[in-house]
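S.K.: predicted model and sequence below, questions to follow.
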Amino acid sequence: MPDTARINELGGTSEGARAVAAMVADPSHCLLALDFDGVLAPIVPDPDQAYALPAAIAALSRLGGVLPLAVITGRPARTAVRLGGLDRVEGLERLVLLGQYGVERWDAETGEFSEPPDPEEVRQLAAELPEMLSGLGLPDVFIEDKGRAVAVHTRRAADPAAALAVIAEPLTRRATELGLHLEPGRNVLEVRSPGQDKGMALRALVAEKHARAVGYAGDDLGDIPAFEAVESLRREGIAGVTVASTSDEQQALAERADVVRRGPERVADWLAGLAELLGR
Ligand SMILES: O=P(O)(O)OC[C@H]1O[C@H](O[C@H]2O[C@H](CO)[C@@H](O)[C@H](O)[C@H]2O)[C@H](O)[C@@H](O)[C@@H]1O
């Protein structure tokens with residue numbers, strides 16, 4: 001007997017509840033995808049120390065036995081697997097991880113990574129960036145070189161927003177000259193190749209898994225295309241639920257999400273609630 005009150009609570013809106021009900025009715029024909037930073041892992045000053053929250057991984061481990069799961073992240077696939085410890089979690093043997101906004105892939109089932117070569121233009125920008133940044137006189141800004149993307153972080157600067165504003169114009173200009181795409185995020189400006197986003201990545205996975213319902217959880221601007229994908233899939237008859245992991249830094253997703261939870265800890269509670277509803 002389905003627990004309607006619990007389904008409604010976890011779904012947030014009537015559309016969201018329809019997707020949660022579909023997950024309860026037939027989980028193996030659904031897909032739940034999650035962003036990494038700010039959703040599974042708390043935001044910290046050093047990206048290399050952004051480990052997944054144990055409570056989130058524990059909840060995913062419970063869900064993984066019945067519900068197809070994916071992580072879709074801006075991180076390189078290898079980095080996200082390492083920070084999440086995703087290659088050694090019972091229950092996540094069929095997890096799919098799409099890295100670099102869907103360009104890279106790791107399948108837990110085979111342990112194989114698919115990592116196309118780094119674009120030349122990104123390598124050129126990465127070589128130029130140290131000089132560009134030192135010319136701007138921003139000592140606490142640092143570069144995260146992800147091979148096929150470079151991210152300029154300002155979280156450790158005295159005024160992160162002001163530092164971002166200083167960098168935005170020259171970085172946008174050079175990215176445009178090189179035919180690259182600028183991806184803004186939480187105290188970060190990332191430059192990567194155009195032509196791929198999390199919405200395209202999510203849609204492709206939904207098709208691959210023949211999912212009849214989809215869930216997506218995100219926290220930042222790079223997740224908006226995935227929210228849009230869920231919204232358009234709904235119009236095509238696939239039930240969908242969007243979950244916003246909120247922060248004081250970014251409110252854009254909360255305005256359009258079915259479910260709003262404050263940061264990774266509360267998202268982990270939501271995942272645990274879903275696992276319980278699915279009898280896990
Ligand atoms: O798609 P995501 O998994 O959300 O990755 C987006 C970017 O996340 C990382 O930066 C963010 O998290 C850092 C660690 O907590 C934090 O220091 C930074 O301020 C945040 O913007 C990551 O470092 C980027 O490469 C990702 O693109």
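M.R.: Thanks, I have it.

S.K.: now stretch 5-17: mean pLDDT?
M.R.: For stretch 5-17, mean pLDDT is 98.

S.K.: got the contact list for it?
M.R.: Applying Cβ atoms under 8 Å, 6 or more residues apart in numbering, the contact partners of stretch 5-17 are 18-21, 24, 234, 239-243, 257-260, 270, 273-274, 277. The way it works is simple: take the backbone N, C-alpha and C, and place the C-beta from them, glycine included.

S.K.: which ones are touching R155?
M.R.: Counted by Cβ under 8 Å, 6+ apart, R155 has contacts I43, P45, R186, N187, V188.

S.K.: what about 6 Å?
M.R.: P45, N187 (Cβ atoms under 6 Å, 6 or more residues apart in numbering).

S.K.: tell me the residues of the chain that contact the ligand?
M.R.: Residues of the chain lying close to the ligand by Cβ under 6 Å from any ligand atom are 35-38, 43-45, 47, 50, 73-75, 144, 146, 151, 153, 155, 185-188, 190, 220, 222.

S.K.: related to what we said a few turns ago, any chance of a PyMOL selection covering the buried ones in the contacts of stretch 5-17?
M.R.: Entered in PyMOL, the line below selects the buried ones among the contacts of stretch 5-17, by 16 or more other Cβ atoms under 10 Å:
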select buried, resi 18+19+20+21+24+234+239+240+241+242+243+257+258+259+260+270+274+277
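
S.K.: and the contacts of stretch 5-17, which of them are in strands?
M.R.: Among the contacts of stretch 5-17, the ones falling in strands (DSSP state E) are A239, G240, V241, T242, V243, V259, V260.

S.K.: if I look at the third one, how far off is the ligand?
M.R.: Shown here: V241 relative to the ligand, a distance of 19 Å by Cβ to the nearest ligand atom, to the nearest Å.

S.K.: could you find the closest non-adjacent residue to the one residue sitting closest to the centre of the chain?
M.R.: Residue closest to the mean C-alpha point of the chain, counted by Cα atoms, centre = their mean, is D35 at 2.1 Å. Distance criterion Cβ to Cβ, 6 or more residues apart in numbering; nearest residue to D35, sequence neighbours excluded, is G218 at 4.3 Å.
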